[in-house]
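Peer 1: My questions are about this predicted structure, shown below with the sequence.
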Amino acid sequence: MKSRGQESFVSLPGFAARLYNNLTQTRAIERQHQEIARDLVSRIEHGRLLDIGTGPGKLLFEVHQLNSSIELFGLDISEAMVQLARKNLTGINVNIQCGDVRHTNYVDDFFDIVTCTGSFYLWDNPEKCLEEVFRIMKKDRSAYLYETYQDFNDSQVREALKTNLAGESLVRRLVTPIFLMRQLRMTYRTSEIVDIIKRTSFAGSYTIGQISLGGFPAWLRIQLTKCA
């Protein structure tokens, strides 16, 4: 079966990881990470937090800025991204591993909160991935996935994109819309996400809501609770 994109990151070269890190240093994306971090920190005062697909580690940095007592963990399938995240998080006590969300080496009932931003749509066999999230999360705790979705309002998204990129460099104004619209075309429709969740252990304990992050109205917040 063709990979949705997950496998392409396994051999991601270092220059590509650095390019991604550079292109995502926009004010809108910084606000996005800050807003997600505030949302997560409002739900946990202490304990272990895992960021799946942590990339350059920007979300972990923002969480640490808000609450340094939370134990931070990051997982990414790209060794290049892991090395970049470790460099970006120098001086912060964080455990970052290179690994596949389909089969991690974390023990059962280990995390107090699990999160993922904008990479769920790339997971191969998402049902298996969610079962692994269920396994490693403590009972009565929740995972929060922040995910773009395909059935967005096109006019609202294009207007927000134009506003968010105003004042950015010419390269970012030209390149960002290309990558972003390509991503949105690859994401799931909301109904498809529901169908995936219903085939997992989270079937009876999830909520999905439309939200705006960084002034961009094409996000869902998916809460998945591990019921006892």
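Peer 2: Now that the structure is in, tell me what you want to look at.
Peer 1: Give me the buried positions along the biggest helix by length in the chain.
Peer 2: For the chain, the helix that runs over the most residues, judged by DSSP state H, is helix 170-186. Taking 16 or more other C-beta atoms under 10 Å as the basis for neighbour counts, the residues of helix 170-186 that come out buried are R172, T176, L180, Q183, L184. All C-beta atoms are positioned from the backbone trio N, CA, C, and that covers glycine.
Peer 1: what's the closest of those to I136?
Peer 2: Taking C-beta to C-beta as the measure, I136 lies nearest Q183 of those, at 26.7 Å.
Peer 1: got the contact list for that closest one?
Peer 2: G118, Y121, T148 (C-beta atoms under 8 Å, 6 or more residues apart in numbering).
Peer 1: circling back to that earlier point, only the C-alpha atoms, please, for the longest helix of the chain, written as CSV.
Peer 2: Output in CSV follows, covering the C-alpha atoms of helix 170-186 (Å, rounded to 0.1, in the frame of the first residue of the first chain):
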residue,chain,number,x,y,z
LEU,A,170,8.9,37.5,-0.6
VAL,A,171,10.0,33.8,-0.5
ARG,A,172,7.6,32.9,2.3
ARG,A,173,4.7,34.8,0.5
LEU,A,174,5.4,32.8,-2.6
VAL,A,175,6.2,29.4,-1.2
THR,A,176,3.9,29.0,1.8
PRO,A,177,0.6,29.1,-0.1
ILE,A,178,1.9,26.3,-2.4
PHE,A,179,2.9,24.0,0.4
LEU,A,180,-0.2,24.8,2.6
MET,A,181,-2.8,24.3,-0.1
ARG,A,182,-1.1,21.1,-1.1
GLN,A,183,-1.3,20.0,2.5
LEU,A,184,-5.0,20.9,2.8
ARG,A,185,-5.8,18.8,-0.3
MET,A,186,-4.0,15.8,1.3
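Peer 1: residues contacting the residue most central in space within the chain?
Peer 2: With distances taken as C-alpha atoms, centre = their mean, T117 lies nearest the centre of the chain, 1.5 Å away. If a contact means C-beta under 8 Å, 6+ apart, then T117 has Q32, H33, I36, D51, G53, L59, L145, Y146, E147 as its contacts.
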